[in-house]
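Peer 1: Okay, predicted coordinates and the sequence, questions at the end:
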Amino acid sequence: MTTESESIEPTQKSQLRLGQTLIATWSIGVGGLVLLVSVLIGSRMYGNRKAADVRHEERMNAEVLESGLEPEDAQLPPGAMPVEIHTGIYVDRIVELSVKETGWTVDFYVWFRWKGDSVNPGEDFAVVDGWIEEKQKTAERVDGDEHYERYRVIARISKFFDVKRFPVEEHLLTISIELASKLRSEAILVADVENCGISSRVKIPAFERTRVAAVEKPHLYKSSLGEPNLASGHRAIRSQFRYGIWLRRDGWGFFFKMFQGLFASLAVSMAAFFIKPTDVDPRFGLGVGAFFASMANSYVTSSLIPDTGVMTLADIINGLAMATIFLTIVQSVVSLYLYDILEQRDLSRKFDRWSAWTFGLGIVVVNTLIPWAAHG
């Protein structure tokens, strides 16, 4: 006859094996998920960073034509003798830059040096993708056939900021100048590269300048703009002078400032691993409170960028944090099951210790590798 103690022992062994299998499955599952997420999102961020670098280089490369232009479009038509207007820019102030408002305001000097009387660039120039708020002539000289004019301009420029890697992204700011009434076959804005520059006093909060460049590029207009003497679909090519400023997020200070509350919420949620599972109120209350704190952080970070359908790096970090906190609550449920239902208290404590290490390492790995891949 089987005694009661003999029947209980196989049951306890079965429960122990079940608990050990649960812990192993949980640890492998969480670790694998961390690795998969880090690789997938990290590679996506790295790819976006490299694509942005290529895009910025092409935008400031005279050899790379804009969309819609063919190699022959960059060549002047036979017999064309355009006036060469040496053009340069010196940036004195960046008054304001707003990623959320998709624009920036700049105070700069622009000068023109040319020969002949067939053009008047000072009266004809316009800022592409923006508008001039103030314009003042500061210098004018005529030496025989050579003309020189310099203007101080305050302009507001619209800019679509790529926020996929916000808040560790880079941007290229461009000031683009064209002559509104002259085609490229009539006047070319030759970049005065040697004299272009930017004041050392120019500071932009949360950003650092990495480099600047100046270039002239042909710019295509695929419209007759309603002129009655031009055929529909008329192609007008104008000379565009472009001055570019590369910006990069200034270190990791802004990143940690933005997410310090979120990281604190993650730490609070992990504190539940060191509370007895049967102390339900504090054990589950920490996770619930941390979850709502992470939601608040997501709302705050989303308010710093334009309303777009793009999942930014900030959105991803916030989303992963909320998922992590939810998993800590699930872990507490499983630990309570081991402790109270299966009565495997040692196994429950072991589960908590393993979870603390697994989640701690996972949080460090995800929040190190993914931002590093995005920022470099």
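Peer 2: Nice, thanks for sending it over. Note that the structure is a prediction, hence the values are computed from the model and not measured.
Peer 1: where do the strands sit along this protein?
Peer 2: In the chain, the strands defined using DSSP state E lie at 83-98, 103-115, 125-127, 130-143, 146-158, 170-179, 187-191, 197-198, 207-221, 236-249.
Peer 1: by contact count, what packs against the second one?
Peer 2: Right, strand 103-115. Packing contacts for strand 103-115, counted by 3 or more Cβ pairs under 8 Å, 6 or more residues apart in numbering; DSSP states H and E, involve strand 83-98, helix 121-124, strand 130-143, strand 146-158, strand 170-179. C-betas here are computed from N, CA, C, even on glycine.
Peer 1: hang on, the earlier thing: could you export the strands of the chain as JSON lines, including mean neighbour count, distance to residue 48 and mean pLDDT?
Peer 2: Converted to JSON lines, the strands of the chain look like this (neighbours: other Cβ atoms under 10 Å; distance: least, Cβ to Cβ, whole Å; pLDDT from 0 to 100):
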{"stretch": "strand 83-98", "mean neighbour count": "19", "distance to residue 48": "21", "mean pLDDT": "96"}
{"stretch": "strand 103-115", "mean neighbour count": "20", "distance to residue 48": "22", "mean pLDDT": "97"}
{"stretch": "strand 125-127", "mean neighbour count": "19", "distance to residue 48": "29", "mean pLDDT": "96"}
{"stretch": "strand 130-143", "mean neighbour count": "11", "distance to residue 48": "26", "mean pLDDT": "96"}
{"stretch": "strand 146-158", "mean neighbour count": "17", "distance to residue 48": "22", "mean pLDDT": "97"}
{"stretch": "strand 170-179", "mean neighbour count": "21", "distance to residue 48": "11", "mean pLDDT": "96"}
{"stretch": "strand 187-191", "mean neighbour count": "23", "distance to residue 48": "29", "mean pLDDT": "97"}
{"stretch": "strand 197-198", "mean neighbour count": "18", "distance to residue 48": "27", "mean pLDDT": "96"}
{"stretch": "strand 207-221", "mean neighbour count": "17", "distance to residue 48": "18", "mean pLDDT": "93"}
{"stretch": "strand 236-249", "mean neighbour count": "21", "distance to residue 48": "14", "mean pLDDT": "94"}
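Peer 1: out of these, nearest to residue 20?
Peer 2: Evaluated over the strands of the chain, closeness to residue 20 peaks at strand 236-249, with 46.0 Å, by Cβ to Cβ.
Peer 1: a markdown table for the strands of the chain, including distance to residue 309?
Peer 2: Below are those laid out as a markdown table (distance: least, Cβ to Cβ, whole Å):
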| stretch | distance to residue 309 |
| --- | --- |
| strand 83-98 | 20 |
| strand 103-115 | 20 |
| strand 125-127 | 29 |
| strand 130-143 | 25 |
| strand 146-158 | 20 |
| strand 170-179 | 20 |
| strand 187-191 | 37 |
| strand 197-198 | 34 |
| strand 207-221 | 25 |
| strand 236-249 | 23 |
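Peer 1: So which of those strands is nearest residue 66?
Peer 2: Ranked by Cβ to Cβ, the member of the strands of the chain that lies closest to residue 66 is strand 207-221, at 6.4 Å.
Peer 1: Run a quick check on residue 374 versus residue 48, I expect a contact.
Peer 2: Yes: if you go by Cβ atoms under 8 Å, residue 374 and residue 48 touch, sitting 7.4 Å apart.
Peer 1: neighbour count winner among those two?
Peer 2: Ranked by neighbour count (other Cβ atoms under 10 Å), residue 374 and residue 48 place residue 374 first, with 25 against 17.
Peer 1: From residue 164, how far out is the nearest residue to that one once chain neighbours are set aside?
Peer 2: In space, not counting the residues next to it along the chain, residue 374 is nearest to residue 45; the distance is 3.8 Å by Cβ to Cβ, 6 or more residues apart in numbering. Going from residue 45 to residue 164 by Cβ to Cβ, to the nearest Å gives 8 Å.
Peer 1: who's more crowded, these two?
Peer 2: Set residue 45 next to residue 164 and count neighbours by other Cβ under 10 Å: residue 45 wins out with 24 against 21.
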